[in-house]
Every structure is written in C-alpha cells, then in structure tokens.
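J.: need a structure here:
(one chain, ligands or ions: 1)
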Amino acid sequence: MLSVKDLTVAFGSNVVLDALNLDIYRGEILGFVGPSGTGKSVLMRTVLRLLPRRAGKIEILGAEYDAVSDEERVELDTRLGVLFQHGALFSSLTVKENIQVPMREYLDLPQDIMDDLARLKIELVGLAPEAADKFPSELSGGMIKRAALARALALDPDLVFLDEPTSGLDPIGAAELDELIARLRDTLGLTVYMVTHDLDSLFSVCDRIAVLGNKKVMVEGTIEDMLASDDDWVQSYFRGKRARSIVRDDGQDLHHHDPNAPRRDETGRQGNPQSGPAR
Ligand SMILES: Nc1ncnc2c1ncn2[C@@H]1O[C@H](COP(=O)(O)OP(=O)(O)OP(=O)(O)O)[C@@H](O)[C@H]1O
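T.: Numbers count the residues shown, from 1 in each chain. Next comes the predicted model:
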C-alpha cells in the first residue's frame, strides 16, 4: 500500500530523515513510534506531499506520485484518509459539514446524498446522530477524534493515516477508539498507518511496529520483535515500567495481558496483537 525508499527530508541544514525505508502492507495496522522530535509527523506529511523531500521514492497504492497524471493524482488522493493530531476540524463548521469538506472537494454530489453519506459516517464511528449539527467546541475530546475519523473516512479510503489518534483521551476513550480502529480495519478492509505514543495501542491493535531513530526506521517488526530487540531505546520503551504494566514479562507468554493494567481493568478489553489480517 505504501513503499518509501531512501527518503531524505531536510529543513535547511537540519536533516530530519536520511535514506529512510518503509513498507506498509494491505490490511495491516502499522504503529509508528520513536522519541519526540525524530520526524514521525514529518514522514507522514512528506508521504502526503505536504512537505517536500530532498531525495527518495514514494509509491502509494501502487503508483509513484511524481509519475502520475493530475487526474490520477486526484484519484489517488481520494483513496487516502487523514486524521491529523488534535483532530484539526474546522471550528466554524458543524460535524456534518466537516465530514462533507472532502466530499465537496472531490465529489460532485447533490446535498441530500452528501447528508446521507455524512450520517452514515457518523454512525460508523459511533457518534450519536445529534452530533451531526454540533460544532467542534461543543464536543468532548473523544467525540472530536471520532468526528475527525469520520471525516478521514468520508471518501471510503483504502489507506488511512492517523497522527496520535488516542492522545489526550482518557484510558476508556482511548481503548474504545483503538477498538473502533481495529473494527473498521476488519469490516472496511482499511490499511492503517498510525503514529502513536500509546503503548496500549501498540500492544493491542498494531500488527506491526516501526521505530524511528537516527533519521531512519531503526527497528521494524511485531511486538515480539520489539520485546526481543537489543536496541536501548526500544528496550526502555517496550520493556520499561509502563510497558510492564501491560505485558506480563515472564519471557514465555508475552501476549498475556496483565489484568492489573488500568485500561483493561476499566474496559474489560482483551487486546491481541495477533488479531490482524493474514499477510
Ligand atoms: N515545517 C518545518 N520546518 C522546519 N523544521 C521542521 C518543520 N516540521 C518539523 N520540523 C523539524 O523536524 C523535526 C521532527 O519533527 P516532527 O514533528 O516530525 O517530530 P515527531 O517525531 O513527530 O515528534 P512528536 O513525537 O513530539 O510529535 C523537529 O526537529 C522539527 O523541529
């Protein structure tokens, strides 16, 4: 679904990504992690062509962006959905109008059809129908994330980019959003690229994890690969105190979740990192 080869991105003399490689496969949820300020958002924005690159090749949905015609590029854009950090809804538009922004930009549909489609998306992300006519300022943090997700799904994309979808949510809201993302992947066949700092998301819904460090994807693999990695940052992140409250680190059953982990106590959720599609 996405293939990034030898990507270099720099701002003046500040080289943020240097010959980075990354692949994302159909139907998977890829979690993208790394220390703050290492370029996770820069990578996502570069892939979305919001930032220029200095070198490298990006193939998205089988096409090389630079090599396609304008019409093909528009068609490609309609197959991508994006949820930016903090939701990024237009504050002067209602939820329904926000969801209809990409429809207006890319589709030529009568208003009543767009209203029906917006209603469907609102239901799909688990918002009440009344949310349609509310403004972002009238929504909770969790509702904003769901509304932003509904907008990301407005055009029925194949590949969605989520920038820290659970940040700022309480543990129950975060767990519910994780479940929603996994369910949408299963039912709609989405492929998900998720930048996250949320260990619980990484353990419960991500099929594969890529770690950014030293301007590259430093480590890549399943949660077991992370737990087995001898990289210092990966070790302290995935085997540190917070991670240990999620995983019973007994060296035998690394998928067994600690019943004392707060999010699962509150939600009863049984995360399973292997619940993804066959690849
Ligand atoms: N538009 C820009 N112009 C100049 N420098 C930028 C720009 N965008 C990002 N940077 C720089 O790129 C580097 C990586 O930033 P980025 O936001 O991608 O980090 P991140 O890994 O997403 O961090 P966090 O986890 O804190 O969100 C930082 O040094 C940042 O200052």
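J.: make it CA atoms for all contacts and neighbour counts henceforth
T.: Noted.
J.: just how off-centre is the helix or strand harbouring residue 179 within its chain?
T.: Residue 179 belongs to helix 171-188 when assigned by DSSP states H and E. Mean C-alpha position of helix 171-188 versus that of the full chain (C-alpha atoms, centre = their mean, to the nearest Å) differs by 11 Å.
J.: Residue 9 against residue 55, yeah?
T.: Yes - taking C-alpha atoms under 8 Å as the definition, residue 9 is a contact partner of residue 55 at 7.1 Å.
J.: Looking at the two, which is more packed in?
T.: residue 9 (24 against 16; other C-alpha atoms under 10 Å).
J.: three-state assignment of residue 66?
T.: Classification of residue 66 by DSSP: H, G, I helix; E, B strand; the rest coil places it in helix.
J.: Pairing partners for the strand or helix carrying residue 32, with directions?
T.: Using DSSP H and E, residue 32 sits within strand 29-33. Counting by DSSP bridges, the strands paired with strand 29-33 are strand 191-195 (parallel), strand 208-213 (parallel).
J.: Packing partners of whichever helix or strand comes after the shortest one?
T.: For strand 191-195, the following helix or strand on the C-terminal side (DSSP H and E) is helix 199-204. Contacting helix 199-204 under the criterion 3 or more C-alpha pairs under 8 Å, 6 or more residues apart in numbering; DSSP states H and E are the following elements: helix 171-188.
J.: that older thread, convert the C-alpha atoms of the helix holding residue 179 to CSV, please.
T.: C-alpha atoms of helix 171-188 as CSV (Å, rounded to 0.1, in the frame of the first residue of the first chain):
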residue,chain,number,x,y,z
PRO,A,171,-8.0,5.4,29.1
ILE,A,172,-11.5,4.2,28.4
GLY,A,173,-11.9,6.6,25.5
ALA,A,174,-8.5,5.6,24.1
ALA,A,175,-9.3,1.9,24.4
GLU,A,176,-12.7,2.4,22.7
LEU,A,177,-11.0,4.3,19.9
ASP,A,178,-8.5,1.5,19.4
GLU,A,179,-11.3,-1.0,19.2
LEU,A,180,-13.1,1.2,16.7
ILE,A,181,-9.9,1.4,14.5
ALA,A,182,-9.5,-2.3,14.6
ARG,A,183,-13.1,-2.9,13.8
LEU,A,184,-13.0,-0.5,10.9
ARG,A,185,-9.9,-2.3,9.6
ASP,A,186,-11.7,-5.6,9.8
THR,A,187,-15.0,-4.5,8.3
LEU,A,188,-13.9,-2.0,5.7
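J.: Please consider this matter closed, and thank you.
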